[in-house]
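1. Provided below for reference: sequence and predicted model.
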Amino acid sequence: MERITSGIEELDPLLEGGYPKGKGILITGSTGSGKTIMGIHFLYSNCSSGKKGLLVLTRELLEDVLLQAKTLGMDLEPFIDSGMLVVENIFQSRIQEAMLSSRLGKGLELAEKDRVGRIKILSENADAVVLDSLAALSSLQKCPGNEPLSKFGLIYSVLAEHKCTSLFLMDESMHNRVHGFADNLVFGKIELKLKEDSASGKLSRSLSVTKMRATKSPPGNVLFELTSSGIRIK
Ligand SMILES: Nc1ncnc2c1ncn2[C@@H]1O[C@H](COP(=O)(O)OP(=O)(O)OP(=O)(O)O)[C@@H](O)[C@H]1O
Ligand SMILES: [Mg+2]
């Protein structure tokens, strides 16, 4: 099966060349574990080689993500300027819509309903998609039955139809709370872990590929560091 680079040099060989192309991968981890940075690697690397990227933000300011990317030597701004990377900031749109709706006295339901439609249009020509984060999106739209699965299922199928390779970033606590609803649907899952050594107080990070279809013996616990140039697998 065709692969697309993760943007993390040492991770690709562990995944038979990269993420399975055109598929959706769930990345979970606690706050600060490195989820957004994994997304930055993926977009930077693929946009650098001429692929089209889409970044969907649901709970962060774009400027914060761009600043983080820049400090790691992976400046995403030129790709946004050239149109190689499209950003849909649901978080910032929501703030604007909330202000507008309180001024006009109208509800927010329509704007919320249109989220999947927007992602559908924007992902049509995208190769590499990062949704940061899925947890926040789950609480945005009310779906029939109000189940997070149906909303995620909708977005997942839209991106799969467009053959986008997609990373769905999700906070661990949210993932546990909704009982891992997305695990069965996705093609692969990577768990990031952050551990504190009780004696030294030092943090150690590791990743585990707990599921990767079409991939022989995906790696178990792999230690990594967050350095000034991003994720470095030890
Ligand atoms: N230049 C750097 N050098 C070393 N470590 C860094 C650098 N920049 C960021 N980090 C580390 O990366 C962490 C942030 O990683 P990231 O934003 O990817 O986490 P996250 O899993 O997305 O967290 P959240 O769930 O809060 O969004 C910081 O807390 C810091 O420890
Ligand atoms: Mg993050």
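-> Great, that's in hand. Ligands and ions are numbered 1, 2, ... in the order given.

2. quick one: the helices in this protein, in order.
-> Ranges of helices in the chain, per DSSP state H, are 35-48, 62-71, 77-82, 90-104, 109-113, 115-122, 134-138, 148-161, 172-177.

3. got TSV for those helices, with distance to ligand 2 too?
-> Backbone N, C-alpha and C define where each C-beta goes, glycine included. Below are the helices of the chain laid out as TSV (distance: least, CB to the ion, whole Å):
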stretch	distance to ligand 2
helix 35-48	3
helix 62-71	8
helix 77-82	18
helix 90-104	12
helix 109-113	22
helix 115-122	19
helix 134-138	10
helix 148-161	18
helix 172-177	12
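
4. which one of those helices has the poorest average confidence?
-> Least confidently modelled of the helices of the chain is helix 109-113, at a mean of 59 by mean pLDDT.

5. and the helices of the chain as JSON lines, adding mean neighbour count and distance to Ser204?
-> What follows is the helices of the chain, written out as JSON lines (neighbours: other CB atoms under 10 Å; distance: least, CB to CB, whole Å):
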{"stretch": "helix 35-48", "mean neighbour count": "23", "distance to Ser204": "16"}
{"stretch": "helix 62-71", "mean neighbour count": "15", "distance to Ser204": "21"}
{"stretch": "helix 77-82", "mean neighbour count": "13", "distance to Ser204": "32"}
{"stretch": "helix 90-104", "mean neighbour count": "14", "distance to Ser204": "30"}
{"stretch": "helix 109-113", "mean neighbour count": "14", "distance to Ser204": "40"}
{"stretch": "helix 115-122", "mean neighbour count": "16", "distance to Ser204": "35"}
{"stretch": "helix 134-138", "mean neighbour count": "23", "distance to Ser204": "24"}
{"stretch": "helix 148-161", "mean neighbour count": "18", "distance to Ser204": "31"}
{"stretch": "helix 172-177", "mean neighbour count": "15", "distance to Ser204": "16"}
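
6. to Leu55, which of the ones you listed lies closest?
-> Proximity to Leu55 (CB to CB) singles out helix 35-48 among these, at 6.1 Å.

7. which outside residues touch that closest one?
-> Helix 35-48 has contacts (CB atoms under 8 Å, 6 or more residues apart in numbering) with 4-8, 19, 27-29, 53, 55, 60, 65, 68-69, 72, 74-76, 79, 84-85, 127-128, 130, 132-133, 167, 169-171, 190, 192, 226, 230-231.
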